[in-house]
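1. Show me the folded form of this:
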Amino acid sequence: MVETQKLEQLQVRVQNVDMQLVHFTGATAEQMRIAKEAGCSVSLTPLTELRVGYGITQLGDYLESGMPVGLGIDSNSLAGVADLFS
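-> All right, here's what the predicted structure looks like:
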């Protein structure tokens, strides 16, 4: 898979560098493993991802991978509301 190959190349470049992956939605278990081993964290924007048609963010998969996970909102125009928990 091309995306996994690119992520493996990125892994070599980002080790020991703080990097947060934003919109890492739909990552496979293998891609999450590679990102975690590279020391990356992830920021997910579930309201935006749902509104633009990516579906429901599988938060449990990211938490199980052991990656540090943050939640965010892109903007009111994409998320529809600035309150993630309303």
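2. And the strands in the chain?
-> 20-22, 41-44, 69-71 (DSSP state E).
3. buried sites along the first one?
-> When you say that, I think you mean strand 20-22. For strand 20-22, burial by neighbour count (16 or more other CB atoms under 10 Å) applies to Leu21. For every residue, glycine as well, the C-beta is placed using N, CA and C.
4. What pairs with that strand, parallel or antiparallel?
-> When pairing is defined by DSSP bridges, strand 20-22 lines up against strand 41-44 (parallel).
5. in the protein, what spans have low per-residue confidence?
-> 1-4, 7-17, 75-86 (pLDDT under 70).
6. in it, which spans are helices?
-> Applying DSSP state H to the chain gives helices spanning 2-14, 29-37, 46-51, 59-65, 76-79.
7. how about the strands of the chain in JSON lines, adding distance to Leu59?
-> Formatted as JSON lines, the strands of the chain follow (distance: least, CB to CB, whole Å):
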{"stretch": "strand 20-22", "distance to Leu59": "15"}
{"stretch": "strand 41-44", "distance to Leu59": "7"}
{"stretch": "strand 69-71", "distance to Leu59": "7"}
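8. Since that was my last question, I'll sign off now.
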